[in-house]
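> With the input below, show me the fold.
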Amino acid sequence: MNEKKTVLFLMNGFGTESAKSFEVYSKEVMPTFDTLINAYPFKLLFASGELIGANKNEVSNFKTGYYNFSSFGHPSKKEDVLNSKIAANEFNNNPVINNSIDIAVQNKSNLHIVFTLGDKVNNERYEHLKQYLELAVSKNVGKIYVHLILGDSSTRGLKIGSQCLTNFKNRVLRYYPQIIVASLAGRMYVKNGSANDIANYYRMMVSAVGEIWTDYEATLTKKYEHGMNDDNMIAFLTIRENMLLEGDSIFMFNYSNNIARQFLDVVINPKKYFPTSNVPENIHINSLFTINNLPQIPRAFEDAVPDTYLLDKIPDTKKVLIMATKERIPYVSKTLNGFRPSFKSNVSVWPIEDRKKRFQSISQYLAAYINQDIYDLIIVDCELYDEGADERTIAKVIDNMKELDKCLNITYHRAMDKNYRLIATSLYGIKQRFKLTATMELVDLSQKTPFLLVDKEIRRLDIVFKNEGTFIDVARLIAISFGSQMSNNLIQIETVEEKKSSNKKKYIILAIPIAILLILVIAYIYMMYF
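Prediction:
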């Protein structure tokens, strides 16, 4: 695909359903989008499952979408890193792994393991935990407590805690019956709860004050029947004893860098949260991977990172603009830049101040930047749904689709006026529970995302799409259009000259058997009559 100034219009959150639970999209809601997909090359791209490097049925989200897009689908996940370390016997020999166990052995203290459960937790993670437990048991460590966090899920509001606990029993407890499931908490309670909630969770572990569910599986089922889910589940203990004592060791299985970060901050700084209480001040913490904003915690392994990111593939001579709401700009820009602290001189960032008015602001400023004809690549995050700014209703999603369509209409006309190429796509869809009438229903717009290519010089008939494509392939397509030598896994584009040449070859190939057949017919007639 030839080099051309490009607008990458990211309709993030806009996807299609795997089953028709709701008919959200329609041409009445998005007439511009409907017109364009019928006039220009259009395809639905996979945004879930193994094709994007995720687990089966796991869908892309805001963070994984940008990371996979910018890194061109870098395949190494944390599970992959650990699998390779275990295969090379580097897991058991890792000093941080061993130190987390040796501290408990030397101090004759308790070993605490923090582990997450949810529909993202695959067999690999259980095998990693068993590898760690095998090492701990071989060193004759004393009591081993496991603290489980529910909610490591692709969709909020799940009620699969009972199934998660059953999986944990079958895959871990049956092999290591000596370990004690000591506490359970919801992800929102541990990760995004108030400072008071998280401090209370720590207080429960220290002094056994709080809810205690000795038959925690039965109690969990009852709580679900009364509206509790994996996210908002309160923290509770399963045993009546003080668990977290002076000199104990905590090991964090953090496949997500933010899970339990706030809780561990309380453990590290107990007097900050309990200035007048008698709490242990000498708790040793180690983790599998880096924990955001807590660099002082030793980590066993580093995240695998790709060698190159999207902005690395754009020549320094090309000017790039990144547009998003000011709340999202930090992650969007850092991800596209490979998490490096500074940009190259050819990259600019424009934050949208009011996220509630993001569609109007993007329409105004994006049109102005296209008119200026300064930037070679404009990347705009025109998010369909923002949890912090939008009501959690189907009606709001539909209203946003209408606003998104207006924004796309203005962008389309400005892009055509300046002969820009316009690519409208999405890095993830919505898989949320939204209010429909009096109930909360799952809206799944996450399985596939759109790819729309608008270019005056490329006709619909010139495009041949490959069978399987993902939103990751869009990044490769953009890199190719700016001169990068990458494989094109999405489309095959024929120029007019190439099409004429291809047609000539087809005619020649077709003419040969016809000529042979004609010769045979003439020869047969000659033999019959002469």
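> Show me where the stretch 51-200 of the chain has its helices.
Along the stretch 51-200 of the chain, counting by DSSP state H, counting those that start in this stretch, helices occupy 62-70, 78-87, 95-107, 123-138, 161-168, 187-190, 195-207.
> just checking, E3 touches F482?
Yes - using CB atoms under 8 Å, E3 is in contact with F482, at 5.9 Å. (C-beta placed from N, C-alpha, C; glycine too.)
> between these two, who's got more neighbours?
Between E3 and F482, counting by other CB atoms under 10 Å, F482 is the more crowded of the two (18 against 13).
> mind checking how far the more buried one is from K120?
Going from F482 to K120 by CB to CB, to the nearest Å gives 34 Å.
> thinking L245 is in contact with V279, fair?
No - if you go by CB under 8 Å, L245 and V279 don't touch, sitting 10.4 Å apart.
> Which one of those two is surrounded by more residues?
More crowded of L245 and V279, by other CB under 10 Å: V279, with 19 against 16.
> If you drop the residues flanking it in sequence, what lies closest to that one?
Nearest in space to V279, with sequence neighbours left out and distances taken as CB to CB, 6 or more residues apart in numbering, is P270 at 4.3 Å.
> now M188, nearest residue through space, not along the chain?
In space, M188 is closest to D231, 4.4 Å off (CB to CB, 6+ apart).
> OK, contacts around the one you found?
151, 156-158, 186-188 (CB atoms under 8 Å, 6 or more residues apart in numbering).
> again with P450
P450 neighbours (CB under 8 Å, 6+ apart): 11, 14-16, 37, 42-45, 424-426.
> Need the buried ones from those residues selected in PyMOL.
Selection of buried members from the contacts of P450 for PyMOL, criterion 16 or more other CB atoms under 10 Å:
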select buried, resi 11+14+15+16+37+42+43+45+424+425+426
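> Same list (the contacts of P450) but as TSV, adding secondary structure, distance to S333 and pLDDT.
TSV is the format used below for these (DSSP: H, G, I helix; E, B strand; the rest coil; distance: CB to CB, whole Å; pLDDT from 0 to 100):
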residue	secondary structure	distance to S333	pLDDT
M11	coil	19	96
F14	coil	21	92
G15	coil	23	89
T16	strand	28	85
I37	helix	29	92
F42	strand	29	93
K43	strand	28	93
L44	strand	28	92
L45	strand	23	93
A424	strand	21	97
T425	strand	19	97
S426	coil	19	96
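> Dump the contacts of P450 into CSV; add distance to R355 as well.
Formatted as CSV, the contacts of P450 follow (distance: CB to CB, whole Å):
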residue, distance to R355
M11, 16
F14, 17
G15, 21
T16, 25
I37, 27
F42, 29
K43, 30
L44, 28
L45, 26
A424, 20
T425, 21
S426, 18
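> Return the member of the contacts of P450 nearest to Y67.
Distance to Y67 across these (CB to CB) is lowest for S426, with 15.1 Å.
> need the contact list for the closest one.
10-15, 47, 384, 449-450, 471.
> what secondary structure does L408 sit in?
helix (DSSP: H, G, I helix; E, B strand; the rest coil).
> and the gap between it and I423?
From L408 to I423 the distance is 12 Å (CB to CB).
> what's the neighbour count on I516?
Residues near I516, counting by other CB under 10 Å: 10.
> State whether it is indeed within a helix.
Yes - judged by three-state DSSP, I516 forms part of a helix.
> so who does the residue nearest to F115 when sequence neighbours are not counted touch?
Excluding its sequence neighbours, the residue lying closest to F115 (CB to CB, 6+ apart) is F253, at 4.8 Å. F253 sits next to 113-116, 125, 128-129, 132, 287-288 when contact means CB under 8 Å, 6+ apart.
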